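S.K.: need the 3D shape of this:
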Amino acid sequence: MDRRDRRAAAAPQQARPGRHAVVVADLAELHGPTGGVVQLPHRLFWQRDRGVDLADTHLLTWFYETVLREARSSTELRAWLHGPTLVRLWPDLFLPRGIRRAWEERHPQLRPQVPAP
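M.R.: Residues are numbered from 1 along each chain as shown. As a prediction, this is how the structure comes out:
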């Protein structure tokens with residue numbers, strides 16, 4: 001492993017260039033909403049209509065992708081995400097590589113399961 005590989009391995013994962021991925025220490029900390037229509041704060045979603053119906057599977061997936069990409073603190077993650085729902089949705093979420101890697105490194109249960117031979 002050369003010096004560049006060691007630096008990359010030691011560097012925090014990025015949500016996007018210049019922004020580190022935010023990850024909670026324990027998925028049990030995530031007690032966000034699980035149903036109904038929620039209003040994302042303007043900081044997380046910049047549209048006028050920020051209401052999201054969590055009963056709609058496509059909107060729920062989009063909601064989790066948005067919060068995971070845009071959250072700047074574990075407080076925001078705890079407020080908006082629900083641990084068991086995150087685990088259920090994880091394989092279908094379209095996320096930047098840095099976010100996916102950071103979460104899977106911290107929470108091995110999110111890693112893809114390799115079938116036994």
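S.K.: Phe45 - nearest residue in space that isn't next to it in sequence?
M.R.: The spatially closest residue to Phe45, leaving aside those adjacent along the chain, is Thr66, at 5.9 Å (CB to CB, 6 or more residues apart in numbering). For the C-beta atoms, the positions are set from N, CA and C on the backbone; glycine is no exception.
S.K.: tell me how many other residues surround that neighbour.
M.R.: For Thr66, the tally of surrounding residues (other CB atoms under 10 Å) stands at 16.
S.K.: helix or strand: which one has it?
M.R.: Taking DSSP states H and E as the criterion, the element that holds Thr66 is helix 57-70.
S.K.: mind listing what's buried along the strand or helix carrying Arg101?
M.R.: Per DSSP H and E: Arg101 is located in helix 97-106. Within helix 97-106, the residues that qualify as buried by neighbour count (16 or more other CB atoms under 10 Å) are 98-100, 102-104.
S.K.: which ones are touching the spatially most central residue of the chain?
M.R.: Computing the C-alpha centroid of the chain and ranking residues by CA atoms, centre = their mean puts Leu68 first, at 3.1 Å. By CB atoms under 8 Å, 6 or more residues apart in numbering, the residues touching Leu68 are 15, 77, 81, 93, 95, 99, 103.
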